[in-house]
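Chemist: Based on what follows, work out the 3D shape:
(one chain, ligands or ions: 3)
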Amino acid sequence: MRGVVFDGTRAQVVDDLEIREPGPGEVLVAIAAAGLCHSDLSVVDGTIPFPSPVVLGHEGAGIVEAVGPGVGHVAPGDHVCLSTLANCGTCADCDRGRPTMCRRAIGRPGRPFSRGGTPVFQFAANSAFAERTVVKAVQAVRIPADIPFASAALIGCAVLTGVGAVLNRAGTGRGETVVVIGAGGIGLNVVQGARIAGASAIVAVDANPAKEAMARRFGATDFLTSAGAVRDVLPTGADHVFECVGSPALVRQAIDLLDRRGQAVLLGMTPPTAEAAFLPASLFLDKSVLGCRYGSSRPQHDIALYAELYRRGELLLDELVTETYPVEDFAKAADDAHHGRVARGVLTF
Ligand SMILES: NC(=O)c1ccc[n+]([C@@H]2O[C@H](COP(=O)([O-])OP(=O)(O)OC[C@H]3O[C@@H](n4cnc5c(N)ncnc54)[C@H](O)[C@@H]3O)[C@@H](O)[C@H]2O)c1
Ligand SMILES: [Zn+2]
Ligand SMILES: [Zn+2]
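Modeler: Residues are numbered from 1 along each chain as shown. Ligands and ions are numbered 1, 2, ... in the order given. Next comes the predicted model:
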């Protein structure tokens with residue numbers, strides 16, 4: 001079958017990929033659509049270290065093709081959105097409603113794929129850039145069949161991460177002020193999360209002026225091409241500043257833009273050894289800096305919520321899909337994403 005494999009040097013479309021049958025507690029999914037998140041590009045450029053060869057992709061939706069023994073919550077034919085959390089469901093963190101913190105699921109990549117007898121790793125417990133993938137049952141979340149696959153796919157990372165960061169991690173409240181640095185797939189979902197939360201001001205910052213129309217469409221009240229101008233709009237700073245680029249310099253700017261008691265939420269992925277500087281004294285007035293994995297999500301709960309908000313017209317998904325590409329055109333999709341020509345590009349199978 002076809003898929004996008006990164007061999008440690010370059011990513012290319014192959015057609016000789018094989019996937020094993022689903023074992024106990026696993027689900028085999030035929031991927032219909034998968035969004036291209038910046039994190040996939042970051043594996044290729046080395047910002048996110050990952051063993052290779054690996055099948056890329058981690059933001060997909062499709063149809064259940066088969067289930068292994070013990071799986072009862074989905075059946076062949078069901079439409080599902082896939083999460084990246086292969087959490088165990090039985091540890092103390094899972095039990096506390098923190099599946100993103102499950103220690104039994106982080107840093108243990110499986111190899112359900114093979115090429116010519118050589119095992120191939122699975123990225124983010126997911127690998128949605130393949131015609132089929134095998135995931136743990138907990139990762140397959142049933143969605144209504146009337147949501148287009150290209151739109152549903154984006155819930156799997158961009159929406160869970162961006163909207164989740166606002167609702168689950170920051171806990172942004174009605175009337176609070178928000179700054180979003182980086183208006184890509186993640187940032188636009190922070191913007192719409194802030195709108196859903198009832199933020200009074202949502203200032204989107206992106207170095208690319210072409211992002212303004214989308215940012216405003218998703219709920220931004222202001223758009224700036226540099227964080228330096230934010231205090232013209234919010235003179236005392238913001239209650240919540242989200243860094244959605246992955247730049248140490250912007251982490252510093254996010255902290256410097258906080259109002260009293262404000263919090264900076266860091267969503268962008270920086271290289272593992274990159275350092276950011278800040279003035280500890282600047283945090284004195286009860287400010288905080290928060291990391292956030294995958295929107296601190298609980299996928300079975302949150303994906304159902306987002307599907308419902310989409311049906312009510314409150315959560316925009318179709319608008320995020322700028323372009324769809326047959327998987328063969330992965331290189332073009334990656335180039336368009338790299339040059340900021342799309343909100344999200346989506347590969348189809
Ligand atoms: N924390 C998580 O769990 C998680 C999940 C998914 C993605 N991410 C990370 O989030 C980041 C964003 O991902 P994405 O898919 O939205 O990427 P993207 O490429 O779609 O968007 C990035 C945006 O940042 C803008 N930008 C770049 N440099 C800038 C600058 N100096 N100032 C202002 N804007 C700038 C670009 O114009 C672009 O619009 C990446 O680092 C990705 O790895 C984190
Ligand atoms: Zn992602
Ligand atoms: Zn667990």
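
Chemist: Going by C-alpha atoms from here, please, whenever you check contacts or count neighbours.
Modeler: Noted.

Chemist: how many neighbours does Pro209 have?
Modeler: Neighbouring residues of Pro209 were enumerated by other Cα atoms under 10 Å; the total is 12.

Chemist: Regarding it, what are the backbone dihedral angles?
Modeler: Main-chain torsions, Pro209, degrees, to the nearest 10: phi -60, psi -20.

Chemist: per-residue pLDDT, it?
Modeler: We note a pLDDT of 98 for Pro209 in this prediction.

Chemist: and if you look at the one 3 residues further on?
Modeler: Model confidence at Glu212, expressed as pLDDT, equals 98.

Chemist: tell me the contacts of it?
Modeler: For Glu212, the contact set (Cα atoms under 8 Å, 6 or more residues apart in numbering) comprises 206, 223.

Chemist: any idea how far His240 is from the closest residue to Ala201 other than its chain neighbours?
Modeler: Excluding its sequence neighbours, the residue lying closest to Ala201 (Cα to Cα, 6 or more residues apart in numbering) is Thr177, at 4.9 Å. The gap separating Thr177 from His240 is 6 Å, by Cα to Cα, to the nearest Å.

Chemist: if you count what's nearby, which of the two comes out ahead?
Modeler: His240 (32 against 23).

Chemist: what about the residue in the stretch 201-349 of the chain that ligand 2 sits nearest to, neighbour count?
Modeler: For the stretch 201-349 of the chain and ligand 2, the shortest gap (Cα to the ion) falls at Tyr294, measuring 8.0 Å. Applying other Cα under 10 Å, we find 23 residues neighbouring Tyr294.

Chemist: quick one: contacts for the residue nearest to Ala201?
Modeler: 199-202, 238-240.

Chemist: By neighbour count, which of the residues you listed wins?
Modeler: His240 (32 neighbours).

Chemist: where's that one relative to ligand 1, distance?
Modeler: Separation of His240 from ligand 1 (Cα to the nearest ligand atom, to the nearest Å) stands at 16 Å.

Chemist: Get me the contact residues on the stretch 51-200 of the chain for ligand 2.
Modeler: Cys157 (Cα under 5 Å from the ion).

Chemist: Show me the shaky parts of the stretch 51-200 of the chain.
Modeler: Within the stretch 51-200 of the chain, not a single segment meets pLDDT under 70.

Chemist: Tell me where it has helices.
Modeler: Secondary structure of the stretch 51-200 of the chain (DSSP state H, counting those that start in this stretch): helices at 92-95, 149-153, 158-164, 185-197.

Chemist: okay if I get those helices as CSV plus mean neighbour count?
Modeler: Listed next are those as CSV, based on neighbours: other Cα atoms under 10 Å:
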stretch, mean neighbour count
helix 92-95, 15
helix 149-153, 27
helix 158-164, 28
helix 185-197, 28
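
Chemist: could I get these as a markdown table with distance to ligand 3?
Modeler: Below are the helices of the stretch 51-200 of the chain laid out as a markdown table (distance: least, Cα to the ion, whole Å):
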| stretch | distance to ligand 3 |
| --- | --- |
| helix 92-95 | 4 |
| helix 149-153 | 24 |
| helix 158-164 | 19 |
| helix 185-197 | 25 |
